[in-house]
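Colleague: Sequence and predicted structure are below.
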Amino acid sequence: MYSQQIYTFVVVAEAGSFSKAAEKLYITTVSVMKQINALESRIGVKLFKRTNHGVVLTEAGETIYKTAKDIIRLSNETIKKVQKSACPKEYTIKVGTSMLYPAKPLVDLWGKIPLTDKPIKIKIIPLEDGQTNLLSIVNSLGKEIDCFVSPYESNQLMKSCNIYHLGEYDCCIAVSRNHKLANKKLIKYEDLYGESLMLVKKGQAPVMDKIRSEIEQNHPQIKIIDTATFYSAEVFNECEQKGYAMEILKPWADIHPSLVTIPVEWNFKVKYGIIYTKKPSKSVKEFIKAVSSVEI
């Protein structure tokens, strides 16, 4: 924003000679002298007294030196300020993840956004499935974490959180590896006759209520067992230990090493998406905006 001649003038004034200034500027002494001569000619006054030992500032040179220093400083500060305002602010989004609530769908989606369009960094925060439940995770939004990926056809989530839809998970059945149904490729309703099937409590999830209604009306031979919580590691353990069958989502197939997950003849699916607070911060809004720009 200032001319090179002004900068060269300041360097010469501080170096005390044309040759020393040339070394600092990585140009020839002749080039330095030409710039100073041109500046003096443009201003119409002598800025330096040439001596056998170097150069010293004239009275006019002293005045211009002080002003030139301010010009350079203000110019550099202005450039930095403009560059900072022109560059998008960088945000860090804390994404909760666990076996029950894996962040992989979001991370895979995030990888499709060009790096130049991502002034946002993702920090993965581990969640403990065995010690927390859905309510405690929801309560941590906007504090310990900014968002997490979860099935969201839960009345609790839909009332208390914002949700950005990502896709659907298939509803399957999990049984112990020792269960008589463990080798089935596809489970039919009749296969579950005489069995106990673990389902989320009535009223907590619309899709689970539809499964419950279908069984109660058309397949009463299947005994429904309510889970103690929405879903937790304890529920998976109970399924394996008591020999129950359990409704499970496809991404949870590998959560428990002693359970196998099998598709079912029904066509029930559960929507999943990014769960975040009802009052998101500016950074979370920018994050959701960036995610929404990607075709799912």
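Modeller: Great, that's in hand. Residues are numbered from 1 along each chain as shown.

Colleague: can I have stretch 266-280 written out in CSV, keeping just the CAs?
Modeller: In CSV, the C-alpha atoms belonging to stretch 266-280 read as follows (Å, rounded to 0.1, in the frame of the first residue of the first chain):
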residue,chain,number,x,y,z
TRP,A,266,-40.7,-56.8,7.7
ASN,A,267,-39.9,-53.4,6.1
PHE,A,268,-39.4,-51.2,9.1
LYS,A,269,-36.7,-48.6,9.0
VAL,A,270,-35.6,-45.9,11.4
LYS,A,271,-34.5,-42.4,10.3
TYR,A,272,-31.1,-41.2,11.5
GLY,A,273,-29.4,-37.8,11.4
ILE,A,274,-27.2,-35.2,13.1
ILE,A,275,-28.6,-34.3,16.5
TYR,A,276,-27.9,-30.8,17.9
THR,A,277,-29.3,-28.3,20.3
LYS,A,278,-32.5,-26.3,19.7
LYS,A,279,-30.4,-23.1,20.2
PRO,A,280,-27.2,-23.8,18.2
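
Colleague: contact partners of it?
Modeller: Outside stretch 266-280, the residues that touch it by Cβ atoms under 8 Å, 6 or more residues apart in numbering are 105-106, 138, 141-142, 146-153, 157, 160-171, 189, 205, 207, 210-211, 214, 249, 284, 288, 291. Where C-beta positions appear, they are placed from N, C-alpha and C, glycine not excepted.

Colleague: Then stretch 252-263?
Modeller: Contacts with stretch 252-263, where a contact means Cβ under 8 Å, 6+ apart, come from 99-100, 170, 172-177, 181-182, 184-187, 233, 236-237, 239-240, 246, 248, 250.

Colleague: ok, so what distance separates the residue located most distally from the centre of the chain from Ser17?
Modeller: In terms of distance from the mean C-alpha position of the chain, Asn52 ranks first, at 64.7 Å (Cα atoms, centre = their mean). In this structure, Asn52 lies at 11 Å from Ser17, with Cβ to Cβ, to the nearest Å as the measure.

Colleague: and what of Ser75?
Modeller: Taken as Cβ to Cβ, the span from Ser75 to Ser17 is 25 Å.

Colleague: more crowded one of these two?
Modeller: More crowded of Ser75 and Ser17, by other Cβ atoms under 10 Å: Ser17, with 18 against 14.
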